[in-house]
Structure formats: structure tokens, C-alpha cells
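Peer 1: would you be able to build a 3D model of this:
(2 chains)
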There are 2 protein chains.
Amino acid sequence: MEKKKILVLGAGRSATALLQYLEETSTKLPWFITVSDKNLDMARQKIQKFNHTEAVFVDFQAEPHLLANYDVVISLLPPAMHLQVAQLCLQYGKSLITASYNNTQMNCLDAEAKRKNCLIMMECGLDPGLDHITALNAIENIKSKNGKIISFKSYCGGLVAPESDNNAWGYKISWNPRNVVLAGQGGITSFLNNGTIRYLPYHKLFDKTTEIQIPQLGLLEGYANRDSLSYKDIYQLPDCHTFVRGTLRKKHFCKAWNFLVYHGLTDDSYYIENLQKYSLKSFTELFFDKQTVQNTNNIEVIKRIEELDLFSTEKLPYEKATPAMILQYIIEKKWIMQPTDLDMIVMYHEMEYEIDNIKKTEKLVLTKNGDAQNTAMASTVGLPLGIVTKLFLTNKIQKSGVHIPIYSDLNKEILIELKKNKIEMINL
Amino acid sequence: MEKKKILVLGAGRSATALLQYLEETSTKLPWFITVSDKNLDMARQKIQKFNHTEAVFVDFQAEPHLLANYDVVISLLPPAMHLQVAQLCLQYGKSLITASYNNTQMNCLDAEAKRKNCLIMMECGLDPGLDHITALNAIENIKSKNGKIISFKSYCGGLVAPESDNNAWGYKISWNPRNVVLAGQGGITSFLNNGTIRYLPYHKLFDKTTEIQIPQLGLLEGYANRDSLSYKDIYQLPDCHTFVRGTLRKKHFCKAWNFLVYHGLTDDSYYIENLQKYSLKSFTELFFDKQTVQNTNNIEVIKRIEELDLFSTEKLPYEKATPAMILQYIIEKKWIMQPTDLDMIVMYHEMEYEIDNIKKTEKLVLTKNGDAQNTAMASTVGLPLGIVTKLFLTNKIQKSGVHIPIYSDLNKEILIELKKNKIEMINL
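Peer 2: Numbering: from 1, shown residues only, chains lettered A, B, ... in the order given. Model prediction:
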């Protein structure tokens, strides 16, 4: 039996658990994995002891014909690259699996993908990915009891594990730090609240949070995220008067972050020049001064902003940069995951439904802590990707075209495999 | 003597006074004017009784060689088109005069313009334009007395004349209504305040205003506008610890406008679909409800927002539109200039300076009301453009390359001609 060849594009933070899963599966199935990254040393390091995986740089943009050598492509590249990756995959009749959001442009490739019998499977990571898979499973359970779901709220966050939580923000960086700074800037946020559609502009986003209490984790807060509305139809919840998807943070994070947003420190739209003359203090004072912080009269905001040392005399290591780039530099130092630090993923679904005119609430939570080998973020992004790849290569996904993981039979298989890896939701 | 041929691109709101000035001048100088607009009827209407002007549509994008027929081009087209207009002008060795802001890309054409002995004169309207011309003249006067200027503030606004001022906002639309809605969104705002550079993100802009009292006009307020800082060097004011350029509105306008900005009604970055199902009320409630307005606890904000009738049951005339497009539709109706309404231009410069260690303040104001023939906006944009054109065609501008009107001798000539047209600054 000929070996199936898998190409993994990108060997960054999210790749470790995926590569490990693929390597382990290769001891049972005839697979060979190629991981490609411009940073070849990093890629090599991640597969040091692997027997079925090689690290090479596959320059598919310069030499797209190289894609012809593989049976399936898994891409961890930045989301903006995925349209091109998908187009090249289709050119060579190859299927593609990613953890990125699907979009209108990608959907335009659906007909071509079907014609060429290729699968483009988007949203197969944590959020989006695991959120759909677990939510749809819970929705199906309620519907099977003739429950009518009238409210759906779902929040997910990559946080720091309680034992490593030692800064005021309750936050450390377990994924792409640039995305931490730019969170919420990717497009308008919309959701359904008590029958009314609401739009939240970016500068309001972190000011409008919902408190969420999860046993053992204390108080969290959620802020709405992207276009929730489009998922109401996908989840087939016509009776919902409230439908929101969002992001979880520790309580008080958002108000303090909103201070930075309001004053323009997350702005990535223009460059400030001559930064070699600037200290961190003089940079910050382009936007606000110490008195501005005190004037918030909010101790929770004040202590978090003060912890960032924004008024230090440290010089900036840039000649020119956007405010967002400088804020990233600051938080990368302040919110660094130390080698012994562990991260934590929390996913939370809350559904209100009616059975025989009796109103009930179901609350589900998934928590996953990182371990010495993998961050929780890498595990919860990488395992769904790996499992979908396995289901695809073992012909358990009989689909072509552009999809996201919203199919009951497929999701059940994924959930079984995830449970083996100690990733599952529990009822609160 | 051969006639000089002038091409005016665009016959919109700002063109009337310019065309009139050019036509009048043509009775004394051997000029022939061509005004070009896709809306040829509008162009023809504006030159009905003119003897030295024709209206035709010169499709210079499809047939750039047509530019070869003219001696100079004046463009009133949207600013985004001016780079292309300038490139085509240079291709045919023609000079260009516009009222739009200069920018880095345009400056890149400087060498080519010099090589071809062409002038690209930017910022020759009201603001930018007349503001530079009048401010630099005032600065020169102070410097000639050995005054050291330590603070420079300049504000300009297109307002409604007091006799036509009958809405709560004190505002009617005398120029491109789309630009009224998008004001402040063109890039980061920066200025110098007491020795400290400040950056103001868009959502803070209308919240940080300065009160300005002008006799007969009552209380106005100014908000900072664009990148003031770049003009500090251009104006040669190294000793200024405060340098700001901004926009004038009637008192309380900005706080109420900021309410709309904060809630996202000026957002032009995404479309809302299926608007045929929406009333104005249901559109507004995507962002805020009546209670949100009351919760501001600010009577000045409340009465202005209420006057916009945002909760009416009127249907929207769009299938899809951005929030900004819908807000434009609303204010175009509410803030329309009636045929008998007059507009008003107010320009204000305030300079602090030291002579022999004595601190002095100079305040200058220019007000210009519209009349039956021309809005004040059209006069104050069009006349500087026309006068610069005249100076160019009579060889009084001996420059080539990319410029803005910052030259003492040239500005003096412009000011003399403007004074003949009753446009001049007076000391307060």
C-alpha cells in the first residue's frame, strides 16, 4: 500500500501538537509527513525524534507544482495567505485543511473544488473549529429531546493556567502576539440580543462585556467577536432571540485593554517616525499621560496599566513602527510565557431552551491546560486539524467543495478522538 | 497673441465661483476655458451666459492625449484621482493646479515636473490653501517685528450663515456630504500641545475640542484635523510649543457628532444587507436605542440627536449600504441648504509671540458669507484656484515642480486679488 503524503505548511506555535499527532498516527497508518517553514531550523527542531516526518522548505509560491507530490495539505500559514494556497491546491487537484475562518472569496472556489473532487475544509482548529464541533453536538442533543433553543452564547479564550497566573491582567501570550494586539480589528462585530441585531464598533468592543462564572476559574468576562450572526443559520437555530459568539478573558482585562484601545495604542494604520529618539514614556505620552490613567478613577484599570510600565525611560528598538507594533513589543515582554508557565484553554457554551413550555439552561465548559510538551492552544488547534486529516485520508469524509466542520456524523468521530486526548466538554 | 487654454476638470459645488472668475478674467486676458464633467448638463448650466467658456466632457483617462490641447489644468476632481491626473499632465508637459492636500506620492513627481518645466501646485483652495496664505502672511508680519511665535492655532470651518441657522446643530451642507460624514477618518490626527506631540484616534477626535469665541458669531469649537505637525516646519515655526490646525463647528456640534461616531454610525468599512426590510428606527437600533441617547445625560447631545429623527418608521432607500452611507442620507435631508439659505466660511488664526520678552497674542479672523450667486465655500475654494491660475498664466509664478502656496511674494499677490473680492482677514 502506497504511503499517503501530508504537507504541513508552517511550523510555528500551533504546529507542535499537530505534528506530534500526525507522527504518532504514522506508526499505525502508512503516512509520511513533510513540514515546511521558511525557518527551517525551527521546523527541524520540532521533529527531531520523529521517524515519519521530514522538515524541508517547500516554496509552493515559487514552485506550485511541488504540491503535486502530496495527498493533502494542512496550512497553518497566516489567514490572508489561504486563498492563494487553496487556489494552488486546486490547480494540482489537492485537498486543503486549515484552522482559519472561511470567507466569501473561499466559498467562490466551491464549484471548482467539487469539479476536481477536492475538499477545502476550513475552521478546523479551536475557535473556529472545536467551538462548532462541540456546540453543534450539544445543540443536537437538546433538539433530540424536542428542546427549542431560544438563546445561544459561546465564548472561548486562550488564557494562562491558574498556577502560572501571576500578573494583573491574568494573561500571557500563548499564540501569535500580533493577533493579541489586533484582536477585534478584523471586521465589524455583530450579534443578536433579545431579538435585536447589534453592531459593535471596535472602540466599543472591550467596553461591552458579559460576566461569566466558571467553577474553579473564578470570574471571567466575554466580549463579542466578529460576525456572530452568520453562524445562527449555520447552527440552524431559527428560534434564538439571543445568539452571540465571543472571546473569554479574566475579569477586568477588557476594561483595562479598552483604555489602550480608546487612546489609540492598538492602531496599526500609521507609522510613527524617528522612534530611535523615543523612550517608552515619550511614546506613551503621544497618547496619554500618567494623570489620564489616574483620571479613570478605576483601580482595576489603573493597576493593570501601571503594570505595563508604559512610562519607563527604556529606549524603543525601532526606527519607525505603528502604535500596535510598539504595544506588541511591550506586551510580549510583560506577558511572556516563562518555560515553566502553562497556558489554559477555556470554552464555554450556554444555551437556554424550552421543553414542554418549561425553560431550561444548559452550561457546558471545556478546560484544557498546557503541559510540558504542548501548550493547550497548540493541542486544541492542532488535534482537530490532525483528526480531520486522518478522517479525510481514511475516506471517512466523503465530501468535496468548501466546508467547515458542521456535520453530525463527522463531528461525532472527531469528538471521540478528542476525548482520547482528554479534550471534552463537561456539564456545569 | 494666441489664446491661453485652461481646462477645468469637475463642475461640482466648488466650481461656480472659479468658472465665474476665469470667465471674467477672460474679458481682459486672451483666455479660453473648457470645463469638463461627466454630468455635462450641470457643466453647461453653470456657463450658460459665458462667452469665453465651453462645456465638454474631456475623457482624459481614456484619451490622455487630449490634455495636449491645454496650457494649464485645474482639477476639482476627488483627491484620490489627483495622482493620476498629475502623471498624465506631466506626460503631456502640462501644469496642474488643485485645492487638494499634497502628499508623499505627489512629491515623488517633483523631479519629473522640474525636468519638464511643469508646475504642480497643490493646496490652493480654502483649507488647505487660503489658510496657508493668510497664516504665513500673519507670521511674516510678526517675524518682521522680531516677534518669536511660541503658539500657533488655526481653525477653519464651512458653516451656515447666522440668518439661515435654524437647526440645533448649527450646520448645513455646503460641500460634499460624503466628506461631512467621513471627516476625521482620512488618517491619524496629530498636533503639538505645550511641547508634547499628541496623537488623537478618530473615536477621540470630536471629544477633544477647543472653545473659540468670535464676536458676532458666538461660541464656536474647533477639533484638530489631520497631521498638523508637518506644517510646523513648512511654516518655519521652530519655537512653537503649541501648533494645531483644525476644523470649526458651532458649539456643542462635536459632542453630539461624537455620539454618532462612538456608536458606529460613521463607519464606512462594511455593508449592511437587506436594508429594504429596515426602517430608520430598526437601522438605528443596530447601534443604540432611545434610552442610550437619554443615558448620555447631556441635554446638548440629546436635543441634537433627537432632531435627526433617527427612530422614525421611514423606510430606507437602499438594499445594502454602509452605516456612513445611511447617515449621509439622513443628514442630507436634515441639513439641506434651502434655496434661500446662505452658508458662511470662518477662518481663525491665533498666535502667541514674544517681543522683548513681552508676551502678546494676535487673533485674526476671516468670515465670508455666501450670496445668491455663490456659496461662501465655492468662493473661498474657487478664487484662490483662479488667482493662482492667473498668476501662473501671466508668468508671475516662476516655479516648476510640486509646490503648495507658501511663498511670500506670491501670497501677497493672491491676498491683493482676494481683497478685491472682499475676502480678507481682520484683527480681533
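
Peer 1: can you show me the strands along the stretch 251-400 of chain A?
Peer 2: A:343-355, A:358-369 (DSSP state E, counting those that start in this stretch).

Peer 1: can you list the strands that the last one pairs with?
Peer 2: Translated: strand A:358-369. strand A:343-355 (antiparallel), strand A:426-427 (antiparallel) (DSSP bridges).

Peer 1: how about the residues of chain A near chain B?
Peer 2: A:187-188, A:190, A:196-201, A:203-204, A:262-264, A:267, A:269-270, A:272, A:285-287, A:323 (Cβ under 8 Å from any Cβ of the partner chain). Every C-beta, even on glycine, is put in place using the N, C-alpha and C of the backbone.

Peer 1: can you tell me which of the strands of the stretch 251-400 of chain A comes nearest to residue B:24?
Peer 2: strand A:343-355 (73.0 Å; Cβ to Cβ).

Peer 1: and the closest one, what's buried?
Peer 2: A:343, A:344, A:345, A:346, A:347, A:348, A:349, A:350, A:351, A:352, A:353 (16 or more other Cβ atoms under 10 Å in any protein chain shown).

Peer 1: what's the closest of those residues to chain B?
Peer 2: residue A:352 (22.4 Å; Cβ to the nearest Cβ).

Peer 1: what's the burial count for the residue lying closest to that closest one once chain neighbours are set aside?
Peer 2: Nearest non-adjacent residue to residue A:352, counting by Cβ to Cβ, 6 or more residues apart in numbering or on different chains: residue A:151, 3.8 Å away. If you count neighbours by other Cβ atoms under 10 Å in any protein chain shown, residue A:151 ends up with 20.

Peer 1: now do residue A:9
Peer 2: 22.

Peer 1: and the nearest residue to it once chain neighbours are set aside, what pLDDT?
Peer 2: Leaving out its chain neighbours, the residue that sits closest to residue A:9 by Cβ to Cβ, 6+ apart is residue A:75, at 4.4 Å. Listed pLDDT for residue A:75 reads 97.

Peer 1: quick one: residue A:75 from residue A:96, how far?
Peer 2: 6 Å (Cβ to Cβ, to the nearest Å).

Peer 1: equivalent analysis for residue A:63, please.
Peer 2: 17 Å.

Peer 1: neighbour count winner among residue A:75 and residue A:96?
Peer 2: The neighbour count for residue A:75 versus residue A:96, taken as other Cβ under 10 Å, is higher for residue A:96 (27 against 23).

Peer 1: and chain A, what are its domains?
Peer 2: A:4-126+A:375-427, A:130-369 (automatic domain parsing).

Peer 1: make CSV from the ones you listed and add distance to residue B:279 to it.
Peer 2: Formatted as CSV, those follow (distance: least, Cβ to Cβ, whole Å):
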stretch, distance to residue B:279
domain A:4-126+A:375-427, 28
domain A:130-369, 13
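
Peer 1: closest to residue B:249 out of the ones you listed?
Peer 2: domain A:130-369 (21.1 Å).

Peer 1: which residues does the residue of the stretch 251-400 of chain A found nearest chain B contact?
Peer 2: The shortest separation between the stretch 251-400 of chain A and chain B is 3.5 Å, found at residue A:264 (distances taken as Cβ to the nearest Cβ). Residues near residue A:264 by Cβ atoms under 8 Å, 6 or more residues apart in numbering or on different chains: A:287, A:323, B:188, B:199, B:200, B:201, B:204.

Peer 1: mind doing that once more with 6 Å?
Peer 2: Contact partners of residue A:264, counting by Cβ atoms under 6 Å, 6 or more residues apart in numbering or on different chains, are A:287, B:199, B:201.

Peer 1: repeat that for residue A:208.
Peer 2: Applying Cβ under 6 Å, 6+ apart, no residues qualify as near residue A:208.

Peer 1: how far does stretch A:417-424 stretch from one end to the other?
Peer 2: Start-to-end span of stretch A:417-424 (Cα to Cα, to the nearest Å) is 10 Å.

Peer 1: picking up where we left off before, could I get the strands of the stretch 251-400 of chain A as CSV with mean pLDDT and distance to residue B:402?
Peer 2: Converted to CSV, these look like this (pLDDT from 0 to 100; distance: least, Cβ to Cβ, whole Å):
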stretch, mean pLDDT, distance to residue B:402
strand A:343-355, 97, 53
strand A:358-369, 96, 59
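
Peer 1: in CSV, list these along with distance to residue B:281.
Peer 2: Listed next are these as CSV, based on distance: least, Cβ to Cβ, whole Å:
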stretch, distance to residue B:281
strand A:343-355, 27
strand A:358-369, 30
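
Peer 1: can you give me the strands for the stretch 51-200 of chain A?
Peer 2: So, for the stretch 51-200 of chain A - with DSSP E, counting those that start in this stretch - the strands run A:53-55, A:72-75, A:95-98, A:119-121, A:148-160, A:189-193, A:196-200.

Peer 1: direction included, what does the last one pair against?
Peer 2: Partner strands for strand A:196-200, per DSSP bridges, with pairing direction: strand A:189-193 (antiparallel).

Peer 1: cool, the longest one as well?
Peer 2: Taking DSSP bridges as the criterion, strand A:148-160 pairs within the sheet with strand A:242-250 (parallel), strand A:343-355 (antiparallel).

Peer 1: ok, which of the ones you listed comes nearest residue B:46?
Peer 2: Short answer: strand A:242-250, nearest of the strands paired with strand A:148-160 by Cβ to Cβ, at 53.3 Å.

Peer 1: just the CA atoms of that closest one, as CSV, please.
Peer 2: Output of strand A:242-250 as CSV, limited to C-alpha atoms (Å, rounded to 0.1, in the frame of the first residue of the first chain):
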residue,chain,number,x,y,z
THR,A,242,-30.0,35.8,21.6
PHE,A,243,-27.1,34.5,19.7
VAL,A,244,-23.5,35.6,20.4
ARG,A,245,-20.0,34.1,19.9
GLY,A,246,-17.2,35.8,21.8
THR,A,247,-13.8,35.7,23.4
LEU,A,248,-13.0,35.0,27.1
ARG,A,249,-10.6,36.9,29.3
LYS,A,250,-10.1,37.2,33.0
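
Peer 1: list of residues touching it?
Peer 2: Here strand A:242-250 has contacts from A:151-155, A:157, A:170, A:191-194, A:220-225, A:228, A:232, A:346, using Cβ under 6 Å, 6+ apart.

Peer 1: generate a ChimeraX selection restricted to the buried entries among the residues you listed.
Peer 2: Remark: buried members of the contacts of strand A:242-250, expressed as a ChimeraX selection using 16+ other Cβ under 10 Å:
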select /A:151,152,153,154,155,157,170,191,192,220,221,222,223,224,225,228,232,346
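
Peer 1: in terms of pLDDT, where does the nearest residue to residue A:310 once chain neighbours are set aside sit?
Peer 2: Once flanking residues are discounted, residue A:310 sits nearest to residue A:284: 4.3 Å by Cβ to Cβ, 6+ apart. As summarised for this prediction, residue A:284 has a pLDDT of 97.

Peer 1: what is the burial count for residue A:284?
Peer 2: Residue A:284: 27 neighbours (other Cβ under 10 Å).

Peer 1: from residue A:278, how far off is it?
Peer 2: 9 Å.

Peer 1: now swap in residue A:237 and tell me
Peer 2: Residue A:237 is 50 Å from residue A:278, by Cβ to Cβ.

Peer 1: next one: residue A:85
Peer 2: Residue A:85 is 38 Å from residue A:278, by Cβ to Cβ.

Peer 1: any weak-confidence spans in the stretch 151-300 of chain A?
Peer 2: Along the stretch 151-300 of chain A, the model assigns pLDDT under 70 to no residue.

Peer 1: what about the helices in it?
Peer 2: Applying DSSP state H, counting those that start in this stretch to the stretch 151-300 of chain A gives helices spanning A:177-182, A:202-205, A:229-234, A:253-262, A:280-284, A:290-295, A:299-307.

Peer 1: turn those helices into a markdown table, columns for distance to residue A:37.
Peer 2: Supplementary listing: these in a markdown table, determined by distance: least, Cβ to Cβ, whole Å:
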| stretch | distance to residue A:37 |
| --- | --- |
| helix A:177-182 | 17 |
| helix A:202-205 | 32 |
| helix A:229-234 | 32 |
| helix A:253-262 | 31 |
| helix A:280-284 | 32 |
| helix A:290-295 | 41 |
| helix A:299-307 | 34 |
